[in-house]
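Colleague: Turn this into a model:
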Amino acid sequence: DENEKEQLLMDTVSYQRAMWYHKKRFNAWAKEGLQPLVDELVEAAKTAPQYDGCFLYELEYYKLRCMRAYFSHSLIADENGNFGFNKWIDICLLLLQHIKENGMHITESQLQHMNIRNVKDIVKPSLLGNYMDVCSSVNDRFQKDRRAVYGRDIYIRKMERLYYRIRLHKLREWYE
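Modeller: Next up, the predicted model:
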């Protein structure tokens, strides 16, 4: 009985010491690593034009960057900074990067391989019709540019839907 109490006391002391060292290292890192990310988020919230949806996506992007950095240095992370749901945050960051840039880096190859069978619920029929009407085999540069513009709009809607599905189904994992 006495040995169990002593072992429990030693375990408690060891745990408290480890927590103290973790908090000390975390606070030092937070000043150098996390605070600049938080400052970027605050700056974007203060200075960005707040009249369109891209503003909200930009804030989401900065917020997820802060979350990613925080969780990678928290108690739930392993020695490499990985935690159970980092792949979902990384996917969301990538999606938000493309969304907030309005699809500027979506390639023609990606557009050619885009599945448009499942977009009727998220894309206006006129946009889908315009995309389908523009012939993909035409050598006319104007027609190709029009098809790329329509395709990027559809691609962005698909990315938004994927982002919100991940948020809907994985949000509890992020906070539990």
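
Colleague: in the helix or strand Ser109 falls within, what counts as buried?
Modeller: Following DSSP states H and E, one finds Ser109 within helix 108-112. Buried positions in helix 108-112, judged by neighbour count with 16 or more other CB atoms under 10 Å: Leu111. Every C-beta, even on glycine, is put in place using the N, C-alpha and C of the backbone.

Colleague: And the contacts of it?
Modeller: Helix 108-112 has contacts (CB atoms under 8 Å, 6 or more residues apart in numbering) with 136, 147-148, 151-152, 155.

Colleague: Return the member of the residues you listed nearest to Leu9.
Modeller: Nearest to Leu9 out of those is Tyr155 (CB to CB; 60.2 Å).

Colleague: send the alpha carbons of the helix holding Ser109 over as CSV?
Modeller: Output in CSV follows, covering the C-alpha atoms of helix 108-112 (Å, rounded to 0.1, in the frame of the first residue of the first chain):
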residue,chain,number,x,y,z
GLU,A,108,-5.9,22.8,-68.3
SER,A,109,-5.1,19.1,-67.7
GLN,A,110,-7.1,19.3,-64.5
LEU,A,111,-10.0,20.8,-66.3
GLN,A,112,-10.0,18.2,-69.0
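
Colleague: How about the secondary structure of Ser74?
Modeller: Of the three states, Ser74 takes coil under DSSP: H, G, I helix; E, B strand; the rest coil.

Colleague: go on, Ile122?
Modeller: Criterion first, three-state DSSP; result for Ile122: coil.

Colleague: Whichever of the contacts of helix 108-112 end up buried, select them in PyMOL.
Modeller: The buried residues among the contacts of helix 108-112 can be selected in PyMOL (16+ other CB under 10 Å) with this line:
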select buried, resi 147+148+151+152+155
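
Colleague: Which parts of the helix ranked longest in the chain count as buried, going by neighbours?
Modeller: Longest helix in the chain, counting residues (DSSP state H): helix 141-175. Under the neighbour-count criterion of 16+ other CB under 10 Å, helix 141-175 has 144, 146-148, 150-161, 163, 166, 174 buried.
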